[in-house]
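Asker: Sharing a model prediction with you, sequence too.
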Amino acid sequence: MELRSYYVYLLTNTYNRVLYIGVTNNLYRRIYKHKEGLARGFTRQYNLHKLIYYEIYDIAEAGIKREKQLKNWHHDWKLNLAKQANPSLRDISDDFDF
């Protein structure tokens, strides 16, 4: 049986004003799509391409549950969560090798 990872991730724009929470089983591919404007909808409309936070889950349902939980949080709560792991809110995906 193949083990998979599921990622709940938080994107923002250059000014950290608009936030997006998503879930995926391939973080590198998904972030690449956001950065290249290939992901249609909200993230492309608001130019959300800066990965500032993510969590890893072994079970898809756990990741989906966490995504739904975070989507109900206030903007400041989400931003504070990201700042705990990434105080400068730098783009973590700068470390990815696309």
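Answerer: Alright, I've got the coordinates.
Asker: ranges for the helices of the protein?
Answerer: 27-35, 42-45, 60-71, 75-85 (DSSP state H).
Asker: mind checking which of those helices is nearest L3?
Answerer: Relative to L3, the nearest member of the helices of the chain by Cβ to Cβ is helix 60-71, separated by 12.0 Å. (Glycine included, C-beta is placed from N, CA and C.)
Asker: buried sites along that closest one?
Answerer: Of all the residues in helix 60-71, those buried under the rule 16 or more other Cβ atoms under 10 Å are G63, R66, E67, L70.
Asker: again, but for stretch 30-46
Answerer: Buried residues in stretch 30-46 (16+ other Cβ under 10 Å): R30, I31, Y32, K33, H34, K35, A39, T43.
Asker: Equivalent analysis for stretch 73-81, please.
Answerer: By neighbour count with 16+ other Cβ under 10 Å, stretch 73-81 contains the buried residues K78, L79, L81.
Asker: Model confidence for the last one, exactly?
Answerer: Per-residue confidence for L81 comes out at a pLDDT of 98.
Asker: quick one on the thing from earlier: will you turn the buried residues of helix 60-71 into CSV that also has pLDDT and distance to D94?
Answerer: Output for these, formatted as CSV (pLDDT from 0 to 100; distance: Cβ to Cβ, whole Å):
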residue, pLDDT, distance to D94
G63, 97, 23
R66, 98, 24
E67, 98, 23
L70, 98, 23
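Asker: Identify, from the residues you listed, the entry nearest to E55.
Answerer: Among the buried residues of helix 60-71, and counting by Cβ to Cβ, the member closest to E55 is R66, at 6.5 Å.
Asker: how about low-confidence regions in the protein?
Answerer: 1-2, 98 (pLDDT under 70).
Asker: Go again with 90.
Answerer: 1-4, 39-40, 96-98 (pLDDT under 90).
Asker: circling back: point out the one among the helices of the chain that comes closest to F96.
Answerer: Among the helices of the chain, if distance is taken as Cβ to Cβ, the winner is helix 27-35, at 5.7 Å.
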